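1. test case, fold it:
(chains A and B)
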Amino acid sequence: MSDRILVCVAWPYANYLLHVGQVAGAVLPADVFARYQRLAGNEVVMVSGSDSHGTPITVTADREGVEPREIVDRYHAKILETWERLGIVYDLYTTTLTDNHYATTQEVFLRLLEKDLLYRKSQDQLYDPQAERFLPDRYVEGTCPICGYGEARGDQCDNCGSQLDAIDLINPKSRMTGAIPVIRQSEHYFLRLTELEAGLKDWVGKQAHWRRNVLNFTLGSLNEGLVDRAITRDISWGVPVPVEGWDDKRIYVWFDAVIGYLSATREWAGRTGDPEAWRPFWEDPATRSYYFIGKDNIVFHTIIWPAILMGYGGLDLPYDVPANQYVNMPTGEKQSKSRGTGTWMLDLLDVYEPDTIRFYLTTIFPETSDSVFAEDDLIRTNNDVLIATWGNLANRVISMVHRNFEGIVPATGELAPESEAIMAEARAAFTTVGAEYNACHFRNAVNDSMALAKAANRYLDERAPWKAVKVDRVHAAETLATALTVINALKVLLHPVLPFTTRRLHEDLGFDGTVLGHGWAFEPVPAGTHLREARPLYTKIEVEPVGAPAR
RNA sequence: GGCAGGGUAGCUCAGCCGGUCAGAGCGCACGACUCAUAAUCGUGAGGUCGGGAGUUCAAGUCUCCCCCCUGCUACCA
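-> Model prediction:
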């Protein structure tokens, strides 16, 4: 019986290239998870898109003197290229610029308004009279009132780390124009999080399967008490507020971005030809929805988005939010788009095979703590783990079958105990490794798979078919046929992480169709099968790290 | 400052409802083998589990204090 699973992935801002941290932290875990679930026979839809609104995009556009849409188009194309080359398979990767998304966002807004979960309130805001624009705190700079640092931001002083209020800055000026900001009143719509707090607490309290940091952080925030948040802004780039007389404001990006999960699923449905196909993924309580995000985004996915959904009514709340920590540089520095530090995915893809990258990144998924990306470590992992333990295993066995059995899988009689044992281990791995994937413990899934590969290497050494074949062909035949079956099992177990090379291996082993088509199943390579000529699945990297720095 | 997560072998990380929890992989040393991308297999070297105090028969595993890293702190998302 199959499950229905919605895989939601954080929406990258379309104003930069993607770096390793974003991919290892959210996108690749989601893809591995979705691939596993599809293999396991579940009904999966995976959606995301480029977040096209927000101040950073406007600022980038201003700096280049172009329209925001041009920035979005440029980087959206680069992002799509990254997915293609890395083998990230979305059912839909869209943007927040579609008519469908605007309509969905406005529909949600109006529903909340009807239900009195939105209200208007005026607040003081800093305004740049030269740019004729309201300023977020971080776009104001001046002298820190606490330590005297001259270039403190309105929200925080980078020198002494103090949290600031932009109004308290000495000699404040706009980072956009240098003008002195003035205070102006502005009216906005606020979401009544205070109203939804009790329901959220009740719901979060039941999510015992969430990761410790996600659960504790969310409970902590709820216990401190929520504050209503403004969901509109004084900007011109964004989803229009569907209310008379609000033409000069827009729905703010954090509100429309999370709604993107819903609008993207609707858009996917429309593209499949069944516009109603999104409903089971959102309206059936048995559907499980997973949100793959970084740790900086937890509050939006465990509090605000659920609050919006609760307020809207009739839609599923997140089942799990397996937020990851960060992937840092070997120097300990963060991968940061805004600082320009980090490794761009496209640079990496220019140099290394996608499965090499996917495998290495999976081994450093920051599932429990920040992890480190290092190119020399990637090379070492490729050569000393991926190839030595796994690639070589497939290669040595297929080569032996060609050398000694004309490339035809030999038949076996009754199996020796050690052959039975390794077969049983391979069969059992489908349960254990499957459970790890299903629980989003991807590193464990890979480690368990590699343990099976090591066991297969050990089995080969013990049975030494290269020796046995000279004196007892039946013995050697049994060894090789058994090893092939274990290799075929590993092909399936590792397919979510290594989709490209396991597809090749699938062909090399003489199978038709796709790995996906065969499903999450233990399956021998039938006797009599003609294997293709042995070819290495992976290329050893002999070079020094070439370096693929950001910028 | 407050809240949350993390600080375990050279490296990357598990373990954390207290008692085979002092581990895995890589690297390193030695040995075996030679089918295979000099790959594989076996053996080994031992890290005061960030620091200090406490609870307990027993603590990386619980409590308290301190140090360091990261995120959030709601007008970056």
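2. identify the residues contacting residue A:473.
-> residue A:404 (CB atoms under 8 Å, 6 or more residues apart in numbering). (C-beta placed from N, C-alpha, C; glycine too.)
3. need the contact list for residue A:287.
-> Residues in contact with residue A:287 (CB under 8 Å, 6+ apart) are A:3, A:4, A:5, A:6, A:280, A:281, A:316, A:319.
4. same thing with residue A:366?
-> Residue A:366 neighbours (CB under 8 Å, 6+ apart): A:24, A:25, A:324, A:325, A:326, A:327.
5. give me the buried entries from the contacts of residue A:287.
-> A:4, A:5, A:6, A:280, A:281, A:316, A:319 (16 or more other CB atoms under 10 Å).
6. give me the subset of the residues you listed lying in strands.
-> Those of the buried ones among the contacts of residue A:287 mapping onto strands are A:4, A:5, A:6, per DSSP state E.
7. give me the beta-bridge partners of the last one?
-> The partner list for residue A:6 in beta bridges (DSSP bridges) reads residue A:45, residue A:289.
8. quick one: pLDDT of it?
-> What the model reports for residue A:6 is a pLDDT of 98.
9. how close does it sit to RNA strand B?
-> Distance of residue A:6 to RNA strand B, computed by CB to the nearest atom of the strand, to the nearest Å: 20 Å.
10. in contact with that residue, which residues?
-> Per CB under 8 Å, 6+ apart, neighbours of residue A:6: A:44-47, A:261, A:265, A:281-282, A:287-290, A:316.
11. dump those into TSV; add pLDDT and distance to residue A:523 as well.
-> Converted to TSV, the contacts of residue A:6 look like this (pLDDT from 0 to 100; distance: CB to CB, whole Å):
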residue	pLDDT	distance to residue A:523
A:44	98	22
A:45	98	27
A:46	98	26
A:47	98	31
A:261	97	36
A:265	98	33
A:281	98	30
A:282	98	35
A:287	97	29
A:288	96	27
A:289	97	31
A:290	96	28
A:316	97	35
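12. tabulate these (JSON lines), appending distance to RNA strand B.
-> What follows is the contacts of residue A:6, written out as JSON lines (distance: CB to the nearest atom of the strand, whole Å):
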{"residue": "A:44", "distance to RNA strand B": "25"}
{"residue": "A:45", "distance to RNA strand B": "22"}
{"residue": "A:46", "distance to RNA strand B": "19"}
{"residue": "A:47", "distance to RNA strand B": "16"}
{"residue": "A:261", "distance to RNA strand B": "12"}
{"residue": "A:265", "distance to RNA strand B": "18"}
{"residue": "A:281", "distance to RNA strand B": "22"}
{"residue": "A:282", "distance to RNA strand B": "20"}
{"residue": "A:287", "distance to RNA strand B": "24"}
{"residue": "A:288", "distance to RNA strand B": "22"}
{"residue": "A:289", "distance to RNA strand B": "18"}
{"residue": "A:290", "distance to RNA strand B": "18"}
{"residue": "A:316", "distance to RNA strand B": "21"}
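13. so among these, which ones count as buried?
-> For those, a burial check counting by 16+ other CB under 10 Å picks out A:44-47, A:261, A:265, A:281-282, A:287-290, A:316.
14. how about the secondary structure of residue A:221?
-> helix (DSSP: H, G, I helix; E, B strand; the rest coil).
15. which two of the buried ones among the contacts of residue A:287 have the greatest separation?
-> Maximum pairwise distance in those, criterion CB to CB, is 14.2 Å, between A:280 and A:319.
16. how about low-confidence regions in chain A?
-> Chain A contains residues with pLDDT under 70 at A:1, A:159-161, A:331-333, A:335-341, A:543-551.
17. domains of chain A?
-> By the assignment in automatic domain parsing, chain A contains the domains A:4-116+A:253-324, A:118-189, A:353-518.
18. now those domains in TSV, with distance to residue A:223?
-> Output for the domains of chain A, formatted as TSV (distance: least, CB to CB, whole Å):
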stretch	distance to residue A:223
domain A:4-116+A:253-324	12
domain A:118-189	20
domain A:353-518	24
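19. how close does the residue located most distally from the centre of chain A sit to residue A:408?
-> Ranking residues of chain A by C-alpha distance from their mean position (CA atoms, centre = their mean) puts residue A:471 at the top, at 52.6 Å. Separation of residue A:471 from residue A:408 (CB to CB, to the nearest Å) stands at 21 Å.
20. list the contacts for residue A:532?
-> The contact partners of residue A:532, taken as CB under 8 Å, 6+ apart, are A:407, A:507, A:508, A:509, A:510.
21. grab the two from these that are most spread out in space.
-> Comparing all pairs in the contacts of residue A:532 by CB to CB, the longest separation belongs to A:407 and A:507, at 13.6 Å.
22. same drill for those two, tell me which one is more crowded.
-> residue A:407 (17 against 14; other CB atoms under 10 Å).
23. which residues does that one contact?
-> Residue A:407 sits next to A:401, A:530, A:531, A:532, A:533 when contact means CB under 8 Å, 6+ apart.
24. residues near residue A:510, how many?
-> Here the number of neighbours of residue A:510 (other CB under 10 Å) works out to 17.
25. find the nearest non-adjacent residue to it, please.
-> Excluding its sequence neighbours, the residue lying closest to residue A:510 (CB to CB, 6 or more residues apart in numbering) is residue A:529, at 4.1 Å.
26. for that neighbour, which residues are in contact?
-> Residue A:529 neighbours (CB under 8 Å, 6+ apart): A:408, A:409, A:509, A:510.
27. redo these as TSV? Include secondary structure and distance to residue A:152.
-> Listed next are the contacts of residue A:529 as TSV, based on DSSP: H, G, I helix; E, B strand; the rest coil; distance: CB to CB, whole Å:
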residue	secondary structure	distance to residue A:152
A:408	strand	74
A:409	coil	70
A:509	coil	62
A:510	coil	66
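28. weed out the non-buried ones from these.
-> Among the contacts of residue A:529, those buried by neighbour count (16+ other CB under 10 Å) are A:409, A:509, A:510.
29. among the residues you listed, which one sits closest to RNA strand B?
-> Closest approach between the buried ones among the contacts of residue A:529 and RNA strand B, by CB to the nearest atom of the strand: residue A:509, at 14.5 Å.
30. following the strand or helix carrying residue A:427, which helix or strand comes up?
-> Taking DSSP states H and E as the criterion, residue A:427 maps to helix A:417-438. Counting by DSSP H and E, the element after helix A:417-438 in chain order, helix or strand, is helix A:442-463.
31. how about residues contacting that following helix?
-> Contacts to helix A:442-463, defined as CB under 8 Å, 6+ apart, come from residues A:29, A:32-33, A:36, A:359, A:362-363, A:365, A:367, A:385, A:389-390, A:393, A:396-397, A:418-419, A:422, A:425-426, A:429, A:432-433, A:436-437, A:475-476, A:479, A:482-483, A:486-487, A:489-490, A:493-494, A:496-497.
32. all good on my end, thank you.
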